[in-house]
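S.K.: Kindly generate the corresponding structure for this input.
(one chain, ligands or ions: 2)
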Amino acid sequence: MSSFPTRVGLIFGGASGEHAVSVRSAATIAGALRQGENAQRYAVSSFYIDPAGRWHGAELAEAVLAQGTPASEAQLQGAGRPGFSGFPSGAVDVEVWLPVLHGPNGEDGTIQGLFTLMQVPYVGSGVLGSAVGMDKLAMKAAFAAAGLPQVAYAAVEAHELEGNTEDVLDRLEQQLGFPCFVKPANLGSSVGISKARNRSELLEGLRQAAALDPRVVVEQGVDARELECAVRGGGLQPLAASVLGEICFDADWYDYDTKYSEGLSHTVIPAQVPSHVAEQARGMALAACRAVGAMGLARVDFFYGTGGEIWLNEINTFPGFTSQSMYPMLWAATGISLDTLVCELIEGAREWHLRPQLRGAAA
Ligand SMILES: Nc1ncnc2c1ncn2[C@@H]1O[C@H](COP(=O)(O)OP(=O)(O)O)[C@@H](O)[C@H]1O
Ligand SMILES: [Mg+2]
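M.R.: Numbers count the residues shown, from 1 in each chain. Ligands and ions are numbered 1, 2, ... in the order given. So this is what the prediction gives:
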């Protein structure tokens, strides 16, 4: 039973450090759903999750989409206590959810679990792919099991930093050396990540990361260019990889400020690398998606070492989707327009939800 146009629930914002990016991604996607042929195909209902986790319906959500920035204090006045307090009106009529949420509380399997329980199709990876893709330690374990090349790394648990820290510092120094990168397992957007050049910076970085997440990853630092590949498909469609892009920046590494300040970084599409490097990375991008069980869309990031090595860095199961983001730009360069891309994501989600096995099971 499906009506025409299809009711799409665009949900964005979220209790995450990437809230503001999500608002801009959603504005781009809303634009693509409300123009051209998509305007006839889809009726978009918008929902906004504010930074305190409260869900809001169309009135505030449309205002936030139009302004392109998170709701102001004034707009949130009288919103009630923090946390979920029920679905806004219109949510139960949604036929396909489009969760445009980046980082924790949205890209990590939480909202995917809710939609799975509700038995409503949704765009993107399911609970497993989202959760494994979000947690850097789980992700690395999945990549390692699939035999994919990664930089050397070690796991640290927050409790190891209580009391005497000499042992853990010795272990990391011996295993990885300097410089190394310290990362909370579950954040994204470079939040809580630091580069350590010596023991004292390592300890400081570990404490900073452990304050945000009990699971911490330390990686050997490599001197490398940063390449990215967009993937779409999965479910009943074959997975496909885009051309590669390169992120270039004027900074020691791609930290939060460099990522989100205008003019500090730029993208080169297609990346200027030998064709065999591009082919290898594209193959690895598909393998990375399979390794974590990602579906629908993903962006896979690589380090391209000065010695020609290609290491898998990470997978993002709901990558940035602003008009300036790598993901839609890579597809545009591969010949897939934004309107087509968004339409395919929705149709892929519906098709997967209606797959024969499910229909059979329900009959
Ligand atoms: N092992 C490493 N060697 C060199 N640079 C790194 C390493 N790990 C991270 N970086 C730098 O830090 C940035 C953010 O790290 P990343 O793991 O991609 O975190 P996030 O999930 O927050 O994007 C990378 O884009 C890169 O510039
Ligand atoms: Mg990254």
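S.K.: Quick check: residues of the stretch 51-200 of the chain near ligand 1?
M.R.: The stretch 51-200 of the chain has residues 151, 181, 183, 188-190, 193 near ligand 1, with proximity defined as CB under 6 Å from any ligand atom. Quick note: C-beta positions are derived from backbone N, CA and C, even for glycine.
S.K.: And those, which two are furthest apart?
M.R.: For those, with distances taken as CB to CB, the pair at the greatest spread is 151 and 189 (19.8 Å).
S.K.: Same list (the residues of the stretch 51-200 of the chain next to ligand 1) but as TSV, adding distance to residue 218, pLDDT and neighbour count.
M.R.: Listed next are these as TSV, based on distance: CB to CB, whole Å; pLDDT from 0 to 100; neighbours: other CB atoms under 10 Å:
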residue	distance to residue 218	pLDDT	neighbour count
151	10	98	19
181	7	98	20
183	8	97	25
188	17	71	23
189	19	74	18
190	15	78	17
193	11	95	23
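S.K.: Quick one: neighbours of the closest residue to residue 280 other than its chain neighbours, just the number.
M.R.: Excluding its sequence neighbours, the residue lying closest to residue 280 (CB to CB, 6 or more residues apart in numbering) is residue 310, at 5.8 Å. Neighbour count of residue 310, defined by other CB atoms under 10 Å: 19.
S.K.: With residue 276 instead?
M.R.: 9.
S.K.: A helix includes it, no?
M.R.: Yes. Per DSSP: H, G, I helix; E, B strand; the rest coil, residue 276 lies within a helix segment.
S.K.: Let me know the secondary structure of the residue lying closest to residue 69 once chain neighbours are set aside.
M.R.: The shortest distance from residue 69 to any non-neighbouring residue, by CB to CB, 6+ apart, is to residue 23 (6.3 Å). Here residue 23 is helix, with the state taken from three-state DSSP.
S.K.: which residues does residue 23 contact?
M.R.: Residue 23 is in contact with 12-13, 64-65, 68-70, counting by CB atoms under 8 Å, 6 or more residues apart in numbering.
S.K.: Tell me the residue of this protein that sits nearest ligand 1?
M.R.: residue 254 (3.3 Å; CB to the nearest ligand atom).
S.K.: Can you verify my assumption that that residue contacts residue 225?
M.R.: No. Using CB atoms under 8 Å, residue 254 is not in contact with residue 225; the gap is 11.1 Å.
S.K.: The longest strand belonging to the chain - contacts with which helices or strands?
M.R.: Identified as the longest strand of the chain according to DSSP state E is strand 237-249. If contacts are counted by 3 or more CB pairs under 8 Å, 6 or more residues apart in numbering; DSSP states H and E, strand 237-249 sits against strand 224-234, strand 265-268, helix 275-292, helix 326-334.
S.K.: any chance of the ones you listed in JSON lines, plus mean pLDDT and distance to ligand 1?
M.R.: Output for the helices and strands packed on strand 237-249, formatted as JSON lines (pLDDT from 0 to 100; distance: least, CB to the nearest ligand atom, whole Å):
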{"stretch": "strand 224-234", "mean pLDDT": "97", "distance to ligand 1": "5"}
{"stretch": "strand 265-268", "mean pLDDT": "95", "distance to ligand 1": "10"}
{"stretch": "helix 275-292", "mean pLDDT": "98", "distance to ligand 1": "13"}
{"stretch": "helix 326-334", "mean pLDDT": "98", "distance to ligand 1": "12"}
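S.K.: between the ones you listed, which gets nearest to residue 169?
M.R.: The closest of the helices and strands packed on strand 237-249 to residue 169 is strand 224-234. By CB to CB, the value is 25.0 Å.
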